[in-house]
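Student: Sequence first, predicted model second:
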2 protein chains.
Amino acid sequence: MSTPALPQTATAEQGPFGITAPAGFRAAGVPAGLKSTGKPDVAVVVNDGPLKHAAAVFTSNRVAAAPVHWSRQVVSDGRADAVVLNSGGANACTGPEGFGNTHRTAEHTAERLGVSASDVVVCSTGLIGVQLPMDRLIPGVDAAVDALGTGGEHDGGAAAAAAIMTTDSVSKQSGFAGTGYSIGGMAKGAGMLAPGLATMLVVLTTDAAVEPAELDRALRAATRVSFDRADSDGCMSTNDTVVLLASGAAGAPADPEEFAAGLAAVCTDLALQLIHDAEGAAHDIAIRTFNAADEADAEVVGRAVARSNLFKTAIFGQDPNWGRVLSAVGTTDAAFEPDRLNVSINGVQVCRAGGVGEDRDLVDLSGREVTVEIDLAAGEAEATIWTNDLTHDYVHENSAYSS
Amino acid sequence: MSTPALPQTATAEQGPFGITAPAGFRAAGVPAGLKSTGKPDVAVVVNDGPLKHAAAVFTSNRVAAAPVHWSRQVVSDGRADAVVLNSGGANACTGPEGFGNTHRTAEHTAERLGVSASDVVVCSTGLIGVQLPMDRLIPGVDAAVDALGTGGEHDGGAAAAAAIMTTDSVSKQSGFAGTGYSIGGMAKGAGMLAPGLATMLVVLTTDAAVEPAELDRALRAATRVSFDRADSDGCMSTNDTVVLLASGAAGAPADPEEFAAGLAAVCTDLALQLIHDAEGAAHDIAIRTFNAADEADAEVVGRAVARSNLFKTAIFGQDPNWGRVLSAVGTTDAAFEPDRLNVSINGVQVCRAGGVGEDRDLVDLSGREVTVEIDLAAGEAEATIWTNDLTHDYVHENSAYSS
């Protein structure tokens, strides 16, 4: 993948890793019977402080789920003490009863933790238009609170990451070791991945002492170049939430530049894990648009290609069909001249000056990773959009199962 | 399908039907070896007058094919004497050589017909980025000119309609009987169907005496509510062309209102034939958005739903997943309140006031035709967008074959 150089993120072997790696956090994930499979489906994350700083970004979908409406209010003052998450139900399009259930979940979690309900973020994911089974969710919250743990032997972070999975095939965690502090993260999301955030629940933690305004700035900058550029299937969710909690337990404040870069690295790592595990995908595609007049142009071009079903099916079929790239580029209002466009697929410049370039048979699309590079010949800006191919498995998963 | 009441279009049994039904037109379609299958692939349509009036609309894709650049010039003066069309190659992204081939095709056709090359419209369809085999195309033009015929026994219109097919499974023709004149039409297009026109070549003929300015006005009004609202897979072509020729051979001028309505009926009939024959589709879906603040809002909402792969796969799976409708509606900036939205699928109001409505199990999606009705509760305007579901066959056809 043609990603810009980013600070190194951690893997499980390297530690710090996951949301309980930073000091000051406990987490748990338990099965509560919301999923018919009996797998874990309720998670709780607690910030034990001393600081309780928080920032969050949410779906820009106007049809937002009850927990999104609730959690927007919770973090508006820059403080959150805990996050309670469930899979097995999105609590979206559920009316006043659905909002009441979100409220009740926050109240119950707060009571058990001895904090205020107005400081408890709620996240839900699963089928739209179905009420949550509160008779199972509330006992699930109790069990999760009882099981709260940090990293190490009893890894609460890993348990929480498993409990928020829906059609994900693996849980997603990441981490970054800063100077005197660390950042951890977990994510879920496998379908409905699109800009303005994917269906995607993400919790990020840090033990750095960072003020809420700085958290908010760093989080928005990080999501703009990571989750917002992961566009697996063009569909925007009702529930997307990315929340960042800072405990300050590491003591010293973080260097703002290093912190922002580290956060962006963790977000990008998680975004790429989401793309890699997208429903039914056979290829992970990085669309790098360069020599653009500005970054917005590069983004809009990459997104247009990422949303072309004809391009996506061609990649599935291992067909380096650059005509489908150009016909998607041509639908945008980005600055370019059609007869100056160059397109390379996995390093072979199959389109040169808007026409036929190198032999398309030279392109090898047998591997999972695909890089499409679009030269707009109009400036010096660039952006990379990550997407997937459109496959039989995508159609199967999304036609056979409700979500 | 929930279409507005339109003047009756003709079927083959009822006549007038196809592009040679109106007086003053001859046509032919012949095999020239551009298609590997040996099927017809070159068509010529001639307007014998007395009038040679014409209007046309083209793809808004900025990466437009050579024949589009050429034909835009041809019709800019409101006159066209003939149309030469080929399948088996789009002549798009083919550089100066490609434009030279279009020019040469027009020159040769003009010479054979004794008209000016600057009055010959050229249309191509097929794979992007490949030069046309001129050594086969030019003899094909000769053969087509030799075979020119009107309707009736030697049906030149039907032959032309067959010669422009690509992955179409059937040829598409339509007709309208006006007061003292008629309108005929043919169309091709099965993939890459999208707004701003589908990959779509359409020739419309009339023997009414209509001035070019009026032809242009009527054509733009007709395409706006027909081809522009057929959005099978969200992909816009490099070659879309809809050309309307008027011979005036019927003598009397047409009533403008009747003519416009008849033309819209023919265009809508052809657009629905395209949707019905879209690549790999198992359902034809009419998305009617009503009670919108204005028609533009209704269109943007319908289009957002028509482009949701999750919605399209759900319909394929016969799953009345209204949550995927709402999550697509929520991405638009149309005027609506989320908690006032109603959605019916095949007559069952599965979403009421933004929440759960009637039992989704009441919805029968086993048939080919699906109607989704979205009540925005924001005004009195409406629009219908036609689309298809997303199926295994779509993925198969578009991953296995280049186009």
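Tutor: Here it is on my side, so go on. Residues are numbered from 1 along each chain as shown, chains lettered A, B, ... in the order given.
Student: Check which helices and strands the lowest-mean-pLDDT helix or strand in chain A is in contact with.
Tutor: None of the helices or strands of chain A scores lower by mean pLDDT, DSSP states H and E than helix A:392-400, at a mean of 82. Secondary-structure packing of helix A:392-400 (3 or more CB pairs under 8 Å, 6 or more residues apart in numbering or on different chains; DSSP states H and E): helix B:309-316, helix B:392-400. From N, CA and C alone the C-beta is placed, and that goes for glycine too.
Student: got TSV for those helices, with mean neighbour count too?
Tutor: Shown next, in TSV, are the helices and strands packed on helix A:392-400 (neighbours: other CB atoms under 10 Å in any protein chain shown):
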stretch	mean neighbour count
helix B:309-316	27
helix B:392-400	21
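Student: Among those helices, which comes closest to residue A:58?
Tutor: When the helices and strands packed on helix A:392-400 are compared by CB to CB, helix B:309-316 sits nearest residue A:58, at 19.6 Å.
Student: immediately after the closest one, which helix or strand?
Tutor: Proceeding N to C from helix B:309-316, the next assigned helix or strand is helix B:322-329, under DSSP states H and E.
Student: can you confirm residue A:54 is in a strand?
Tutor: Yes - Residue A:54: assigned to a strand according to DSSP: H, G, I helix; E, B strand; the rest coil.
Student: buried stuff in stretch A:148-162?
Tutor: Residues A:148, A:149, A:150, A:151, A:155, A:156, A:157, A:158, A:159, A:160, A:161, A:162 are the ones in stretch A:148-162 that count as buried (16 or more other CB atoms under 10 Å in any protein chain shown).
Student: hang on, I meant stretch A:166-184
Tutor: A:166-168, A:171-178, A:181-184.
Student: Closest to chain B out of these?
Tutor: Nearest to chain B among these, counting by CB to the nearest CB, is residue A:167 at 12.0 Å.
Student: quick one, the least confident helix or strand of chain A and helix B:392-400 angle?
Tutor: 160 degrees (axes from the mean of the first three to the mean of the last three CA atoms, to 10 degrees).
Student: got the angle for helix A:392-400 vs helix A:309-316?
Tutor: Going by the same axes, to 10 degrees, helix A:392-400 makes 130 degrees with helix A:309-316.
Student: Output helix A:392-400 as CSV, nothing but the C-alphas.
Tutor: Taking Å, rounded to 0.1, in the frame of the first residue of the first chain, the C-alpha atoms of helix A:392-400 are listed here in CSV:
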residue,chain,number,x,y,z
HIS,A,392,-19.4,-12.5,-5.1
ASP,A,393,-18.7,-12.8,-1.3
TYR,A,394,-19.7,-9.2,-0.8
VAL,A,395,-23.0,-9.8,-2.6
HIS,A,396,-23.5,-13.0,-0.7
GLU,A,397,-22.8,-11.6,2.7
ASN,A,398,-25.0,-8.6,2.2
SER,A,399,-27.9,-10.3,0.5
ALA,A,400,-28.1,-13.3,2.8
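Student: how far does that helix sit from the chain's center?
Tutor: 21 Å (CA atoms, centre = their mean, to the nearest Å).
Student: contact partners of that helix?
Tutor: Contacts to helix A:392-400, defined as CB atoms under 8 Å, 6 or more residues apart in numbering or on different chains, come from residues A:167, A:191, A:233, A:279-282, A:388, B:309-310, B:313-314, B:316-317, B:319, B:390-392, B:394-396.
Student: again, 6 Å this time
Tutor: Helix A:392-400 is contacted by residues A:279, A:280, B:310, B:313, B:316, B:317, B:392, B:395 when judged by CB atoms under 6 Å, 6 or more residues apart in numbering or on different chains.
Student: Adding distance to residue B:381, write those residues out as a markdown table.
Tutor: What follows is those, written out as a markdown table (distance: CB to CB, whole Å):
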| residue | distance to residue B:381 |
| --- | --- |
| A:279 | 36 |
| A:280 | 38 |
| B:310 | 27 |
| B:313 | 29 |
| B:316 | 30 |
| B:317 | 32 |
| B:392 | 37 |
| B:395 | 35 |
